[in-house]
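**Q** after the sequence you'll find the predicted model.
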Amino acid sequence: MRGKIRKLLSATLIVGTLTFAPEICGVENFPVARAEVKLYTAMGVDYGNEYESQDIVKLRARDKAIKNATKQAGVYLKTYSRSINNELTDDEITAITSNSYEVVGEVRYNRTVKQVTDTITLIVWEATVDVNVDDSEITKWVQRDDRDRSTLISQTRESQVAADENDRKVEDLRRRSQNVSDDAGRAQLQAEFKQADNEFLSNQKVEEGTRLAYNQKFDDAIKLYTEAIELKPDNAEAYNWRGNIRNSVASIKISVDKNVTVGEKIRSQALDDLNRAIQLKPDYSAAYGNRGYLYYMAKNYPASIKDFDRAIELDPTNAQNYIYRSLYWRFVAKDNTRALADLSKAIELEPTAHAYMNRAGFYQRDLKNYSAAIDDYTRAIELETRESLLGYHYYSRGECYQNLQRYDAAISDYTRAIELMARDENFKQLIPFAEKSRAECCKVVSD
């Protein structure tokens, strides 16, 4: 029974598919500071000419105002994270502020007309927004799974790249509009502005979808990604992230709800999405990684390893893709050398608790190298930001100590594991096994 539970937990933990919301008070890894909601006010400016939709120009000004406000929030949150001894990277801060803000009240607009030349008139829109950002998002962020954090960072970065490209496209159109004098040229410009506007709106839908996914509103996120695709049918990012969420939902339906029929239908939809993303963007590393994982979960192993290899070829700096590929080497090819190489590469790229935990599990269960496993579990414990997983690390390290007949260390770890796992529903089922193992160690010591 214990093996079955451990296998289920290991399968989910290795790729980070469990969601945790633990209490953090009283745990030494979580410095406590008073969090509060702070208000940030910022302005954004955009301008449009006669060929553009003024409603879209207003939305562009609003979007710039929000991003200016979240940049202000980011400066503070960076300092705040440092004050609680948990300083986050700039990418993490951007992912938090971009996805957790709340617009307060109505956006305030100011419209002015600027006569540039005798023939060029611009309408300038100023948008002022008030935005709330909660400091406690820092705490919530560190409780997230590493894969979840990595995905949100990638999504946020992709959205910024898409927004920048759209801005450049619009600015180019605005420059061209200054030299158009014939009806055919005007009609062409209006059509291109319309296309750029739809792209902007599509990108906005993707950003909102990511915000919903950030808050675990997956059905709503899928709806927003769908609307993004309707506005821009070649939006590869929308297809990729919709496919990624659908695959996660499918796994829950199949593994947790035991509704295989519905789960397989959703997985098929996810595969269609990821295929389309790759068709639209053949060098899209994230889509290959997501599709490879889908194939792995569907037990299509030849297709999965092909996609994992391609994802790494396109982006050799993505640690998650090495963790993905290690699944294939460990459980399908039974190639311990390659599995260890991929797990070690993931640690080299991103030395997170998640990465150390994965390699520790490999050392422990595949290679029976308990000393190496202890070293990695110790590092995972030092880095872990989630109380729920701390218990799992202590339990696993306790097993290694027990196997090495270091019974006093094992007893200490089992005791700590029982205390921590009692606070989380995902791990309570392991407590009887930890208690049994501790009793065995205590008996040896007493004898």
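**A** Happy to help now that I have it. Numbering: from 1, shown residues only.
**Q** quick check: residue 193 touching residue 171?
**A** No. Look at residue 193 against residue 171 with C-beta atoms under 8 Å: they stay out of range, at 11.8 Å. (C-beta placed from N, C-alpha, C; glycine too.)
**Q** excluding its backbone neighbours, what's nearest residue 327?
**A** Leaving aside its sequence neighbours, residue 327 sits nearest to residue 296 (C-beta to C-beta, 6 or more residues apart in numbering; 5.9 Å).
**Q** what's the answer for residue 293, then?
**A** residue 324 (5.5 Å).
**Q** within the helices and strands, which one has the one you found?
**A** Element membership of residue 324 [criterion: DSSP states H and E] is helix 319-327.
**Q** returning to that earlier point: who has more neighbours, residue 193 and residue 171?
**A** For residue 193 versus residue 171, the count of surrounding residues by other C-beta atoms under 10 Å is larger for residue 193: 21 against 10.
**Q** helix or strand: which one has the more buried one?
**A** Residue 193 is part of helix 183-214 when elements are defined by DSSP H and E.
**Q** go on, residue 245?
**A** helix 236-251.
**Q** ok, back up a step: so which elements touch whichever helix or strand comes after the helix holding residue 193?
**A** Sequence-wise, the next helix or strand downstream of helix 183-214 (DSSP H and E) is helix 218-231. Packing partners of helix 218-231 (3 or more C-beta pairs under 8 Å, 6 or more residues apart in numbering; DSSP states H and E): helix 183-214, helix 236-251.
**Q** what sits opposite residue 112 in the beta ladder?
**A** Bridge pairing for residue 112 (DSSP bridges) gives the partners residue 124.
**Q** let's see the pLDDT reported for it.
**A** You'll see residue 112 listed with a pLDDT of 94.
**Q** if I look at it, how far off is residue 45?
**A** Distance, residue 112 to residue 45, using C-beta to C-beta, to the nearest Å: 10 Å.
**Q** so which of these two has more stuff around it?
**A** When residue 112 and residue 45 are compared for neighbours, residue 45 comes out ahead with 14 against 10, by other C-beta under 10 Å.
**Q** looks to me like the more buried one is in a strand.
**A** Yes. With DSSP: H, G, I helix; E, B strand; the rest coil as the criterion, residue 45 is located in a strand.
**Q** so it sits right up against residue 128, yeah?
**A** No. Checked against C-beta under 8 Å, the pair residue 45 and residue 128 is beyond contact range at 10.1 Å.
**Q** so which residues of the protein form strands?
**A** Applying DSSP state E to the chain gives strands spanning 37-48, 102-115, 121-134.
**Q** now do the first one against helix 183-214, angle only.
**A** Orientation check (axes from the mean of the first three to the mean of the last three C-alpha atoms, to 10 degrees): strand 37-48 against helix 183-214 gives 170 degrees.
**Q** relative to strand 37-48, what are the paired strands and their orientations?
**A** Assessed with DSSP bridges, strand 37-48 is paired to strand 121-134 (antiparallel).
**Q** quick one: buried residues of the partner strand?
**A** 122-123, 125-131, 133-134 (16 or more other C-beta atoms under 10 Å).
**Q** okay, the angle between that strand and strand 102-115?
**A** Using the same axes, to 10 degrees: strand 121-134 against strand 102-115 is 160 degrees.
**Q** got any residues that touch both of residue 112 and residue 45?
**A** 124, 126 (C-beta atoms under 8 Å, 6 or more residues apart in numbering).
**Q** returning to that earlier point: point out the most buried one among the helices and strands packed on helix 218-231.
**A** Of all the helices and strands packed on helix 218-231, helix 236-251 carries the top mean neighbour count, a mean of 25, counting by mean count of other C-beta atoms under 10 Å.
**Q** and that one, what does it pack onto?
**A** Counting contacts by 3+ C-beta pairs under 8 Å, 6+ apart, helix 236-251 packs against helix 146-177, helix 183-214, helix 218-231, helix 260-280, helix 285-297.
**Q** could you find the closest non-adjacent residue to residue 151?
**A** Spatially, and ignoring its direct neighbours in sequence, residue 151 is nearest to residue 244 (7.2 Å; C-beta to C-beta, 6+ apart).
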